[in-house]
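S.K.: show me how the following folds:
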Amino acid sequence: MKSYLQRFVLDSYLNKTLSDVIGRIDTLTSESTTVAHKVSLAQAPLALPDLISLLEGAIVQAEDYPKIRAYAGGLLTFVYNPLDFIGDEPPAGLVDDVIVCALGLRKLAEEGTVQLDPIADGLVRSIAELAGYLRQDLLSAITEFVEELETKVVPGMT
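M.R.: Next up is the predicted model:
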């Protein structure tokens, strides 16, 4: 599955210039976002297969914690659901998926319910930080989803 997803994400960059991708990213970001941060957001979907693997690993790690498994499963459901905040026109359309995964994994790691190696932790933190460069309405929608998943769908997760 991971190799298929890697191929899908990589293929979404073919026949597109970086300027094309940045043009779409431009519609997702705040006016003060630098070009360097837009480039980082444009490249973030390349991490989606790894983030999905980390969430799948969290489900396995939390074998005795059904609420944590449900939370990680809810994050994966968002990724696989075609109804997103941005739409799934790759690669820019995968930005919300990547950020939802990163925010959810960061939450699990900070609570100590999932162990991330240093590279995975760095990946999760760097992508989660990119969320701050999105338009405020998009950032609010994404963070509300992650928070509601934790508080309403899976209350008492930890």
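
S.K.: residues making contact with stretch 18-28?
M.R.: Here stretch 18-28 makes contact (CB atoms under 8 Å, 6 or more residues apart in numbering) with 13, 35, 38-39, 41-42, 86, 89, 91-93, 95, 134-135, 138. To be clear about C-beta, it is placed using only N, CA and C from the backbone, and glycine gets the same treatment.

S.K.: hmm, try it at 10 Å
M.R.: Under the criterion CB atoms under 10 Å, 6 or more residues apart in numbering, residues 12-13, 16-17, 29, 33, 35, 37-45, 85-86, 89-93, 95-96, 133-135, 138-139 lie in contact with stretch 18-28.

S.K.: got a PyMOL select line for the buried ones in those residues?
M.R.: Selecting only the buried entries of the contacts of stretch 18-28 in PyMOL, with 16 or more other CB atoms under 10 Å as the criterion:
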select buried, resi 12+13+29+33+37+38+40+41+42+43+44+45+85+86+90+91+92+93+95+96+133+134+138+139
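
S.K.: relative to the whole chain's centre, how far out is the helix or strand hosting residue 22?
M.R.: Remark: residue 22 resides in helix 18-26, with elements defined by DSSP states H and E. Taking CA atoms, centre = their mean, to the nearest Å, one finds helix 18-26 lying 19 Å from the centre of the chain it belongs to.

S.K.: using PDB, list the CA coordinates for that helix.
M.R.: Output of helix 18-26 as PDB, limited to C-alpha atoms (Å, rounded to 0.1, in the frame of the first residue of the first chain):
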ATOM      1  CA  LEU A  18       7.000  24.200  -9.200                       C
ATOM      2  CA  SER A  19       5.300  27.500 -10.200                       C
ATOM      3  CA  ASP A  20       2.100  25.700 -11.000                       C
ATOM      4  CA  VAL A  21       2.100  24.000  -7.600                       C
ATOM      5  CA  ILE A  22       3.000  27.200  -5.800                       C
ATOM      6  CA  GLY A  23       0.200  29.000  -7.600                       C
ATOM      7  CA  ARG A  24      -2.300  26.500  -6.100                       C
ATOM      8  CA  ILE A  25      -0.600  26.700  -2.700                       C
ATOM      9  CA  ASP A  26      -0.800  30.500  -2.900                       C
END
